[in-house]
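Q: Take a look and give me a structure for this.
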Amino acid sequence: MHGDNEFGHFLRARRGRIPPQQVGLKPSGRRRVPGLRREELARIAGVSPRYLTRLEQGQDRNPSPQVLRALATALRLNADETAHLYALAGPPPLVTGHDEVSDVVQRLLDAWTDVPAYVRNRRFDVLAANKSAMALSTLYLPGENLVRGMFLDPAVRTLFPDWTEIAAQTAAALRAEGVRDDPRTAELISSMLGDSDFRAMWSAHDVRPVRDAVKRFDHPIVGSLTLRREALSIAGSPDRVLITYQGDPGTSSAAALARLR
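A: Numbers count the residues shown, from 1 in each chain. Here you go, the predicted model:
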């Protein structure tokens, strides 16, 4: 199980987000916690309060699959959050030490002249990008970190009209990667906790992997764009993700991308 008791932190955070009424409990007296009490969650999950205490405090780090299933059900976790719970209870995922992409991948990026595209790792470091991506935002320059840029770069805050939503997704996606045990990722998270927005979003323990989506941009040169983001895996590189942005054919956003090039 991961170090630093991330499993226990996640359990406590999710327990605190479930109103007693949601699980059929009637309010009784003054409650000291906003969500479920520990003994209430233990009863719903069918485990002993003492055992749940050990899990939350990191004293027991080997819950069985049956316990994990019961906790996921009791905490009303969705599929992504359940996968995260299981990942926290397993060995940390592999993070490779090298930050290069192959020449083949770089040539593919460069061939997409009208499609902003870049490659990132699981720490959200940008490893490679094409000219369209770099023209879309300095956030996508190779060597930049998407988490730092999202929260600390004032220009990025103005680039996204939906910045609050996108920033929350960024924090949730970083948590979904489950790479806190990687020393460089731990350093990144520690350094970012000084930012109040990141600290609040990270402490929410939301888990949402990056998926295809529509994002809006307010570019300082070409104006408003609505682009479809596609997240593609790279064969043989499980810790690399290729991200592309496209405007729907015939739209003003597609025309704006062409001007941007």
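Q: how much space between residue 182 and residue 241?
A: Residue 182 sits 16 Å away from residue 241, going by Cβ to Cβ, to the nearest Å. Yep, even glycine has a C-beta here, placed from its N, CA and C like the rest.
Q: what do you get for residue 158?
A: 25 Å.
Q: Equivalent analysis for residue 71, please.
A: Relative to residue 241, and taking Cβ to Cβ, residue 71 is found at 29 Å.
Q: More neighbours: which of these two?
A: residue 71 (26 against 21; other Cβ atoms under 10 Å).
Q: and residue 116, how many neighbours?
A: For residue 116, using other Cβ under 10 Å, the count is 28.
Q: Which neighbouring residues are in contact with it, exactly?
A: 129, 130, 132, 133, 135, 136, 140, 227, 244, 245, 257 (Cβ atoms under 8 Å, 6 or more residues apart in numbering).
Q: Give me the nearest residue to the second one, chain neighbours excluded.
A: Across the structure, with Cβ to Cβ, 6 or more residues apart in numbering as the measure, the residue nearest residue 130 apart from its sequence neighbours is residue 109 (4.2 Å).
Q: Name the SS class of the residue most central in space within the chain, please.
A: By Cα atoms, centre = their mean, the mean C-alpha position of the chain lies nearest to residue 173, the distance being 1.0 Å. Recorded secondary structure, residue 173: helix (DSSP: H, G, I helix; E, B strand; the rest coil).
Q: mind saving the C-alpha coords of stretch 178-189 as CSV?
A: Taking Å, rounded to 0.1, in the frame of the first residue of the first chain, the C-alpha atoms of stretch 178-189 are listed here in CSV:
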residue,chain,number,x,y,z
GLY,A,178,-1.9,7.5,-8.1
VAL,A,179,1.8,8.5,-8.3
ARG,A,180,2.3,10.2,-5.0
ASP,A,181,5.0,7.6,-4.0
ASP,A,182,7.1,8.9,-6.9
PRO,A,183,9.6,11.3,-5.1
ARG,A,184,9.3,14.0,-7.9
THR,A,185,5.5,13.8,-7.7
ALA,A,186,5.5,14.1,-3.9
GLU,A,187,7.8,17.1,-4.3
LEU,A,188,5.4,18.7,-6.8
ILE,A,189,2.3,18.2,-4.5
